[in-house]
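Chemist: coordinates only, sequence not included:
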């Protein structure tokens, strides 16, 4: 799985309340989540996310199990998320909804060109490469299928 | 020799296992998306309806028409599929699972991050998201990576006004918000013996605040005594000599009342450091501290006195509220000027019933103080019930003393 885009940098311990606030959860409207993603961090961020790769600090997606956090990022057009570590529920959720995650400690420069390849296990910021922790074969398959729903349907 | 997680999941740490799930649950927050994913998977039935539960607790009763409509869909689904269902006012999912459902040794998966609460029974209990839950409904199982374990060795007994919540804040401080990411916690040592089931639930509840996948106590006499109260029997779990990646020692005897601030659960100091900080609201409740022991403790502090800031008390379950009513706790709290809310999550996630205004400070017995969680521009301080109670009486952060909780 290959992805590329401009870097958006966010900090460490980015909790899912800050990715999508509790006040926006009572809906099934993905576009609404996309419109309010990261609102409490920076209200202008949502409209700049399309085609970007989010590079976060450690413990990305900690806190609530709300899958809307991963969905909001994907719906806003984020190509993938890179972080030195992810909170485990966010990690599973992202894979399950088909949002590529790359676990590697790479330093972020806002607007830099980012590329990643999950099968080969690397990410690059402006050509500077970092080795990623490999996904389990099953997680990679789920991601390649586009998420757990599609993976499930393919298996049957 | 294996850790409790390794024994229950049936594999060594670091391996991936497929497990069948004994108990699976979701709530009104996560169940809606899970149902949608389940339908997209082909709506092929629920494999184990006897072990599947839906609880309405997050925004219950509904706060507006949109919420009500989403809840109606999920309610119909639960009934049509023959799932265990608890409607509005029944209480918080984790508390209800702790009222005579979860048993030692079970694999429990909940579509909520605080599912780790149920590790207090010696079950492997962990949280997932909505799509994982949909797959569990459809298949009856899931995959898990068997976690490495951090042992938290407790010695001595809590003294003065300190309570299990202070222990929870202490280990989150020591481990940090991601110090236990991908790992399980095991609470061990002689100090465990003196912690009642309610306090163990509080300790296990906050495991996820250090990133942990689960937080387990070995089933012992206290577990057996508690379950017997629900007509259930269980055997003790004896700890084997096993390999833990880290061990943390916490002495309970000299643990002071603690408080988390600065929008970080791991930014924990002694309450004394923030004494005198003005507060606008006190909230006592949640899956961390909304049980009968907590409400009784609060009533002991407030009896015959009056709160100086709005104080919202939300019992964790209907049974809790009934018991509190029978024991006169509710009357004491109302007489002291508290608001007693509908059993459920209350304002913890900032959706309703006690949301903060810009610049307001809430002293809460919940488990999270993330930026804006209870309202945009609001600040949350996390503490024990005793600290919340004495602070409510003064209208400012106050250190509880042993005499306050007698």
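Modeler: Perfect, I can see it now. Predicted model only: the values in this text are computed from it and were never measured.
Chemist: Just the buried positions in stretch B:211-223, please.
Modeler: Going by neighbour count (16 or more other Cβ atoms under 10 Å in any protein chain shown), the buried part of stretch B:211-223 is B:211-220, B:222-223. Where C-beta positions appear, they are placed from N, C-alpha and C, glycine not excepted.
Chemist: contacting residues for residue B:176?
Modeler: B:210, B:266 (Cβ atoms under 8 Å, 6 or more residues apart in numbering or on different chains).
Chemist: Give me the distance between it and residue B:231.
Modeler: 41 Å (Cβ to Cβ, to the nearest Å).
Chemist: got it, and residue B:195?
Modeler: For residue B:195, the distance to residue B:231 - Cβ to Cβ - is 23 Å.
Chemist: any idea where the helices of chain B begin and end?
Modeler: For chain B, the helices defined by DSSP state H cover B:4-9, B:31-40, B:65-80, B:93-97, B:130-139, B:164-175, B:197-205, B:221-228, B:286-289, B:292-302, B:318-326, B:329-335, B:385-394.
Chemist: Could you point out which of those helices sits nearest residue A:48?
Modeler: helix B:31-40 (26.0 Å; Cβ to Cβ).
Chemist: Flag every residue of chain A that's near chain B.
Modeler: A:13, A:15, A:17-18, A:21-23, A:25-28, A:40, A:58-59, A:62-68, A:70, A:85, A:87-89, A:92-93, A:96-97, A:136, A:138, A:147-149, A:152-153, A:156 (Cβ under 8 Å from any Cβ of the partner chain).
Chemist: could you redo the last one with a cut-off of 7 Å?
Modeler: Taking Cβ under 7 Å from any Cβ of the partner chain as the criterion, chain A approaches chain B at residues A:13, A:15, A:17-18, A:21-23, A:25-28, A:40, A:58-59, A:62-65, A:67, A:85, A:87-89, A:92-93, A:96-97, A:136, A:138, A:148-149, A:152-153.
Chemist: Next step: the buried residues of stretch B:211-223 restricted to strands.
Modeler: B:214-217 (DSSP state E).
Chemist: for the residues you listed, which one is nearest chain A?
Modeler: residue B:214 (10.4 Å; Cβ to the nearest Cβ).
Chemist: How much space separates the nearest residue to the closest one once chain neighbours are set aside from chain A?
Modeler: Closest residue to residue B:214 apart from its sequence neighbours, by Cβ to Cβ, 6 or more residues apart in numbering or on different chains: residue B:184 at 4.3 Å. According to Cβ to the nearest Cβ, to the nearest Å, residue B:184 stands 11 Å off from chain A.
Chemist: does residue B:184 really touch residue B:144, like I thought?
Modeler: No. Between residue B:184 and residue B:144 there is no contact under Cβ atoms under 7 Å: 10.7 Å.
Chemist: follow-up on the earlier one: would you mind putting the ones in strands among the buried residues of stretch B:211-223 into JSON lines with pLDDT alongside?
Modeler: JSON lines is the format used below for those (pLDDT from 0 to 100):
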{"residue": "B:214", "pLDDT": "98"}
{"residue": "B:215", "pLDDT": "98"}
{"residue": "B:216", "pLDDT": "98"}
{"residue": "B:217", "pLDDT": "98"}
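Chemist: count of neighbours near the closest residue to residue B:252 other than its chain neighbours?
Modeler: By the measure of Cβ to Cβ, 6+ apart, the closest residue to residue B:252 outside its immediate chain neighbours is residue B:156, 4.4 Å from it. When neighbours are defined as other Cβ atoms under 10 Å in any protein chain shown, residue B:156 has 15 of them.
Chemist: check contacts around residue B:156.
Modeler: Counting by Cβ atoms under 7 Å, 6 or more residues apart in numbering or on different chains, residue B:156 touches B:191, B:251-253.
Chemist: in the longest strand along chain A, what counts as buried?
Modeler: As assigned by DSSP E, the longest strand anywhere in chain A is strand A:2-9. By neighbour count with 16+ other Cβ under 10 Å, strand A:2-9 contains the buried residues A:3, A:5-8.
Chemist: Can you give the strand pairings for that strand, parallel or anti for each?
Modeler: strand A:52-55 (parallel), strand A:113-117 (antiparallel) (DSSP bridges).
Chemist: And the helices of chain B: which comes nearest residue A:116?
Modeler: With Cβ to Cβ as the criterion, residue A:116 lies closest to helix B:130-139 of those, at 22.7 Å.
Chemist: hmm, back to that, return the member of the contacts of residue B:156 nearest to residue B:163.
Modeler: For the contacts of residue B:156, the nearest to residue B:163 is residue B:252 (10.3 Å; Cβ to Cβ).
Chemist: Surely the closest one touches residue B:153?
Modeler: No. The criterion here is Cβ under 7 Å, and residue B:252 misses it with residue B:153 at 10.7 Å.
Chemist: Only the buried residues of the helix or strand of chain A with the lowest mean pLDDT, if you could.
Modeler: Using mean pLDDT, DSSP states H and E, helix A:148-155 stands out as the lowest-scoring helix or strand of chain A, at a mean of 93. Using 16+ other Cβ under 10 Å as the test for burial, helix A:148-155 gives A:148-149, A:151-152.
Chemist: Could you point out which residue ranges in the stretch 151-300 of chain B have low pLDDT?
Modeler: For the stretch 151-300 of chain B, no stretch has pLDDT under 70.
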